[in-house]
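1. Quick one, structure for this:
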Amino acid sequence: MNIRLATLEDIEPIMQLIRDVVPLMQATGNQQWDATYPNPDIFSQDIEASQLWVADLDNSIVGVIAITNSQEGEYAQVPGWDITEPAIVAHRLAVSPHHQGKGIAAALLHQCEVVAQVQGVTLLRLDTNTLNRPMQNLFMKIGYHLAGEIALNNRPNQRFLAFEKRLSAAQ
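-> The predicted structure is shown next:
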C-alpha cells in the first residue's frame, strides 16, 4: 500500500469510495455524511491545497484523508483546548468497505504524524460523530485521547467527540 497526495484524477475513485461508505454509516444511524457531503468540490479544494492523501493499493484508491492545519472554530468548546495553538487536523477519513480491517485507516492517520513532523507541529486533533464507535476505538488504540464533546455548526442536531494526541518534539 502506498500513501500519497491525491491528484484531480483521483476524484472519481474517491467519490466511488464515499458512495460505498455513506450508506454503511447511515445504516448505523450516523448521518455525518450524506449525498451532499463530502463532495467533489471539497476534495478538489483539498487537492489544490495539497492536503488530501489517499491510500493506493494495487492502483486502486482504498482510503482517503484530508490533513490540514485548520481547526474548527467549534473546537473552542473543548475544555482546555487553545485553538490558536498550531495543530494538524484530520478530516474526511474513509476506507473502502471492501478493505476495512487491513490497517488502512491507521496508516492514513499515521500520515498525520508524518505531516506534523515535517511541519514541526506536535499536536494532532480530530473529531468524529458520537455514533461512530469503530473510529473512536481506532483513535484511542493509536494513542489519541478523548478531550470532549462538541456540536458543529454545519451538522446541526448531531454531536461529535473531539480527540487529540501530542507528539514528542523528538518524533
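2. what number of residues lie near the nearest residue to residue 139 once chain neighbours are set aside?
-> Distance criterion Cβ to Cβ, 6 or more residues apart in numbering; nearest residue to residue 139, sequence neighbours excluded, is residue 163 at 4.7 Å. C-beta here means a position set from N, CA and C on the backbone, and glycine is covered the same way. By other Cβ atoms under 10 Å, 22 other residues sit near residue 163.
3. so residue 163 bridges to which residues?
-> With DSSP bridges as the criterion, residue 163 is bridged to residue 126, residue 146.
4. check contacts around it.
-> Shown in contact with residue 163 (Cβ atoms under 8 Å, 6 or more residues apart in numbering): 125-128, 136, 139-140, 144-147.
5. What pLDDT does the model give it?
-> At residue 163, the pLDDT value in this model is 98.
6. Same question for residue 99.
-> At residue 99 the predicted local distance difference test score is 96.
7. Pull out the buried members of the contacts of residue 163.
-> Buried members of the contacts of residue 163, scored by 16 or more other Cβ atoms under 10 Å, are 125-128, 136, 139, 144, 147.
8. So which of those is the closest to residue 6?
-> residue 126 (18.3 Å; Cβ to Cβ).
9. Distance to residue 33 added to the contacts of residue 163, as a markdown table?
-> Shown next, in a markdown table, are the contacts of residue 163 (distance: Cβ to Cβ, whole Å):
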| residue | distance to residue 33 |
| --- | --- |
| 125 | 19 |
| 126 | 15 |
| 127 | 13 |
| 128 | 11 |
| 136 | 16 |
| 139 | 18 |
| 140 | 22 |
| 144 | 21 |
| 145 | 25 |
| 146 | 21 |
| 147 | 22 |
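10. Do a quick rundown of the strands in the protein.
-> 2-5, 52-57, 60-68, 88-95, 123-129, 145-150, 160-166 (DSSP state E).
11. Adding distance to residue 26 as columns, could you present those in CSV?
-> Output for those, formatted as CSV (distance: least, Cβ to Cβ, whole Å):
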stretch, distance to residue 26
strand 2-5, 27
strand 52-57, 23
strand 60-68, 18
strand 88-95, 13
strand 123-129, 11
strand 145-150, 21
strand 160-166, 16
